[in-house]
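Trainee: quick one: sequence and predicted model below, then my questions.
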Amino acid sequence: MQAANMNIEQWLHVLGLEQYAQAFAANDIDLSLLAQLTEVDLKELGVQSLGHRKRILAAAARDSAPVASSAAQATFAVDTPADERRQVTILFADLCGFTALSRTLDPEELRALIGRFTALVDGIVLAYGGTTDRHIGDAVMALFGAPRAHETDTLRAARAALDIHDALTQLSAQAARTLQAHIGIASGEVVAGALGCVDARDYTVTGNPVNLAARLQVAAAAGETWLSDDVARALGDAAVCDANGEQCFKGIDTPVRTWRLRAIASEPAKASQSLFVGRQAELEQFHGVVHACVARRAGHVVHVRGEAGIGKTRLVDEMRRYVQSQGFAIHRGLVLDFGVGKGQDPVHAIIDSLLGLPAVASSEARQAAAARLAAEGVVEAEQHAFLNDLLDLPLAGEWRALYDAMDHGARKRGKQALAARVTDAVCRKAATLIIVEDLHWADPEVLGYLSAFASGIANGPGVLVTTSRVEGDPIDATWRARCRDTPFTTIDLGPLRTDEALSLAGNFIDATQRVALACIERAGGNPLFLEQLLRNAEEGSGSAVPSSIRSLVLARMDRLAPRDRLAFQAAAVIGQRFDIALLRRLIDDPGYVCDGLLANALVLPEGEDFLFAHALIQESAYSTLLRARRRELHRCAADWFAHGDPTLHAQHLDRAEDERAPQAYLAAAGAQYTAHLVEAALRLAERGLEIAQTDADHHALSCCKGELQRDLGDIAGSTATYRAALAAAPDDASLCRCQLGLAEGLRVSEGLDEALELLAAAQLIAERDDRLAELASLHYLRGNILFPLGKIDACSAEHERGLAYARRLGSPEAEARALGGLADAAYAQGRMRTAFRHFSDCVALSRQHGFSRIEVANRPMQGFSRIYLNDARQAREDAVAAARAAELIGQPRAQLLGETLGVFACHELGDVQAARVHLEHEMQVIRQLGARRFEAQNLEMQGRVWLDDGCRGEAVKALYEALAISREVGTQFCAPKVLGALSRAVDENDERARLLAEGEDLLRLGAVGHNHLWFYRDAIEAMLSAPDPAGVLRYVTALEDYTRREPLPWAELFAARGRALVRTLQEPADEAVRCELGRVRTVLMQAGFRHYLAAVDAALAA
């Protein structure tokens, strides 16, 4: 048939571009104008796709050329596939009584009549998506399923046959004579392709179904349509048929069962879910779990395991149906291996579902849900930040700053605890089923939330059902221990038994057929494999049935329309879940819909997106792409995600083998870090390192990895990463950055000497190139290193330089750090008033700009300096708040300082029990960090507590152990304090004198300021116990001299106490002395230094 035998809509339909039919009609474009169309014309008609314009213009050029009047020309514009085996339905329609008509009609009239008949048939066939293969006299041979297949080709052929009969009734009235046709329809495997040449006009099919359809047409009476058994079985309940019994036909060796089509019963049912067979024992086990759960109001976890395609999802769906019938509410999440967009992860999906929120809920709806949880008492005040994160709501003010300051672990623990509370609240109200599938792709963070959901259902009628492949199953003893209060059941799925497989096969074809038996054998009891093989069973001979799921999917993909095939492959590039808008971009088709993929059961709707029916289908489709095409599509997808999802942008560039991928991973890691997903950021950085090709990329990603490892507390890993990066630094700027990063890690792990050497080398580069940020950082870092070394003047000078660079740089953050460093230096010099002022300024500036990590790091030091202003009570409150805040945001070093401050403050206040609690917490963090300097100080303070409790032997043992560690790691930090405490603990005068002499020597060599203050106070106490009045006055003078430059209330108080007690020994009845003692006692009481009251009270009572 020439184009003239079609209308424009039919012509466009052949091209697969029927979406433009309305625009063509609205502009009066018919077939006669095709040859005159230009690119500009097509753009004006709304054909924006370049590919579509090219196809239309090429087809128009070919159709406008003189061609033979053959219906085969209807396929000229369709991309002709290579020769292939295809499942095709063949329709033969023949005009009855042709011999009689030829005797009664003029040849021209007969020709015209035949032309009207064939045109009528051609139009109906085309309308139902078929193609006319050939005209043979007054007969028409039509194909359904070649060159384009449809899921309902057999039904389309049946409908076309019935419409032909109806149309001939109308044509009879016009022709004033009775016209009838007899039609035969058969289906089966044929070889499709071009005969003689590659021109699509020679496209045809050969095979036994062609012969059978022709024989059925001959056998059918006028007005009848005969069907082969295959066709009737495929139509099923959709058609009303009468059995003709078995017929013998010429050229066909065996009798054939045939049917007569009477009518189409109804619209065919939509593709239903696959038949559920077997698994009765597993279902009964699950029913028992549900019954016990409801009866005891106690939750349960059911973990379904099995190989890919074994039927996990289908079993879980039956479980869902059952609990739904029992009144359970259903909440579902799916773990994907690739292509997870924002808000699509299983955690957010389940949280939204538990709160009754759709995935696309507005901010107002989410805020309302948050308010409801707060009103119901589900969410405590301190959990609002975690709730806002889970609900994708913004944070503001102090909550934003605090949340930004938290490390990943703190945020994760908080959100998981909240997820458990929400689950518990929902489960207590109503029976609840939570489904999370495909855990073999879950990362540790999702597994953490999963344990939270499991814990949340423990005390209510809730069931958590999970699925995983056996290979890569992440549910282990450690995970189970996290939710040990919730019973756990594992259901391992094995292959279907033979009888079950036969039952499943019987839902598709006769289970005794050779092909079915071959499918059952090849499927190996895997129901997905079997179902897919059976769906393809009649599209190839037994030998052609694929032996793997990949070849199976390829066979189905070949049946897709060209653009569906293109879309199917492109969608596989996006991932198991794909967005229709992105798919349209990849295939350059803004009007594409997934009906073809849905009809072929290759994809399923999933909210606004689509999901491949099985991961193996997506993987198989992906494997069909040539490498060049794969790179092209991934690059296009990467561009799509460039401004919306840095992680997917990087992953697609990676798969595109694009040189930009490492830098994209670096950016994605930064975005995840900003979002407080530090572990995810680390994984991205590590993947970037795996593919990095240039020295610059490798170095940048190594530094990123090292920083992330340090932030996660992996100091050893961080230093190792930085060492490797240092050895391969591509240029001086990179070298400088590595040196700073490595020095920061060494500072925490006590490698101070090496850290200083690294900073010296980095300074040469930074000063030469005037790198202000690096200069501000390195001076700050060097000051922090010099602090514990007791090189206080140098420490102060470094922080002054750091502050100057920070102000030149215009960086409030660097300025806040420098202020903290200056405060540290002042503290180390014993200038506690100045230290308190700098620490306070640092904390205020940090709070103003939201630098919560800097604020938390300096709050303990603010408390330390406050002690020497005789405000130990406030210092104790500072300690509790600082330690809690540091633990919350995951800053172990700041937490350590907070606990140490608690020890100092409680000791000063004489609260021995509270001091012991802080000492225990402090030691836990010390062990985590491996901070030996603080271990020495912890042992020293333990010794002081023992001494205060009167346990002198235990005190001496702890203090000597502290002294040994101090001598090992450096005496500047706390050794003089240790020696001072020992001087009070020992009994022998000679030993006391030796200890005090050593302490004084160490102070002269240089030590942190608190050593001077505590050593002199200890020495005063030791001399008072001796008693040695001259010794007391000597150390009182030393204390006064040390603080003369910047007097301190604390030092003035203990100096006055020492002098007054000595004068009492010398002049016990002197009223002025007693008056001074009374004043000292009042100040001690006001400051809360109760431990130092006993000697004063004894002197006053004498």
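Mentor: Ah, there it is. Numbers count the residues shown, from 1 in each chain.

Trainee: wait, residue 205 sits on residue 189?
Mentor: No. The pair residue 205 and residue 189 does not pass the contact test of Cβ atoms under 8 Å, sitting 9.9 Å apart. Every C-beta, even on glycine, is put in place using the N, C-alpha and C of the backbone.

Trainee: the residue lying closest to residue 909 once chain neighbours are set aside: neighbouring residues, count only.
Mentor: Leaving aside its sequence neighbours, residue 909 sits nearest to residue 1088 (Cβ to Cβ, 6 or more residues apart in numbering; 4.7 Å). Residues within reach of residue 1088, counting by other Cβ atoms under 10 Å, total 18.

Trainee: for residue 1088, give its distance to residue 840.
Mentor: Separation of residue 1088 from residue 840 (Cβ to Cβ, to the nearest Å): 21 Å.

Trainee: where's residue 459, which helix or strand?
Mentor: Residue 459 is part of no helix or strand when elements are defined by DSSP states H and E.

Trainee: so it sits against residue 297, correct?
Mentor: Yes. If you go by Cβ under 8 Å, residue 459 and residue 297 touch, sitting 7.4 Å apart.

Trainee: give me every residue that touches the residue nearest to residue 909.
Mentor: By Cβ atoms under 8 Å, 6 or more residues apart in numbering, the contact set of residue 1088 is 872, 873, 908, 909, 910.

Trainee: could you identify the most distant pair in those?
Mentor: The two members of those with the most space between them (Cβ to Cβ) are 873 and 910, at 11.7 Å.

Trainee: so how many other residues sit close to residue 330?
Mentor: 13.

Trainee: tell me which residues form a beta bridge with it?
Mentor: Beta-bridge pairing for residue 330 (DSSP bridges): residue 433.

Trainee: you'd agree it is up against residue 320?
Mentor: Yes. Assessed by Cβ under 8 Å, residue 330 is found in contact with residue 320 at 5.9 Å.

Trainee: list residues touching both of the two?
Mentor: Common neighbours of residue 330 and residue 320 (Cβ under 8 Å, 6+ apart) are 433, 435.

Trainee: and this protein, what are its domains?
Mentor: With domains defined by automatic domain parsing, the chain comprises 1-67, 77-264, 280-492, 498-547, 557-625, 642-807, 1027-1102.

Trainee: now the helix or strand harbouring residue 314: buried residues?
Mentor: When secondary structure is defined by DSSP H and E, residue 314 falls within helix 312-325. Buried positions in helix 312-325, judged by neighbour count with 16 or more other Cβ atoms under 10 Å: 312, 313, 314, 315, 316, 319, 320, 323.

Trainee: likewise stretch 718-726?
Mentor: 718, 719, 721, 722, 723, 724, 725, 726.

Trainee: not counting its neighbours along the chain, what's nearest the last one?
Mentor: Taking Cβ to Cβ, 6+ apart as the measure, residue 726 lies nearest to residue 738, with 4.2 Å between them; neighbours along the chain are not counted.

Trainee: next secondary structure after the helix or strand containing that neighbour?
Mentor: Per DSSP H and E, residue 738 falls inside helix 732-748. Scanning forward in sequence from helix 732-748 by DSSP H and E, the next helix or strand is helix 752-768.

Trainee: from the contact counts, what lies against that following helix?
Mentor: helix 732-748, helix 772-786 (3 or more Cβ pairs under 8 Å, 6 or more residues apart in numbering; DSSP states H and E).

Trainee: pLDDT wise, what is residue 317 at?
Mentor: Here the pLDDT value assigned to residue 317 is 90.

Trainee: can you give me the helices in the stretch 201-350 of the chain?
Mentor: 208-219, 229-235, 280-296, 312-325, 346-354 (DSSP state H, counting those that start in this stretch).

Trainee: wait, which of those is closest to residue 678?
Mentor: helix 346-354 (16.7 Å).

Trainee: now name the helix or strand holding the closest residue to residue 847 other than its chain neighbours.
Mentor: Distances taken as Cβ to Cβ, 6+ apart put residue 855 closest to residue 847, at 5.5 Å, once the chain neighbours are dropped. If you go by DSSP H and E, residue 855 is part of helix 852-867.

Trainee: where does the prediction get shaky in the stretch 1-150 of the chain?
Mentor: Scanning the stretch 1-150 of the chain for pLDDT under 70 picks out the ranges 1-6, 10, 13-16, 18-19, 48-51, 54-55, 58, 61-86, 149-150.

Trainee: show me what the helix or strand containing residue 993 is in contact with.
Mentor: Using DSSP H and E, the element containing residue 993 is helix 989-1005. Helix 989-1005 has contacts (Cβ under 8 Å, 6+ apart) with 790, 971-972, 975-976, 979-980, 982-983, 986, 1011-1012, 1015, 1019, 1022, 1026.
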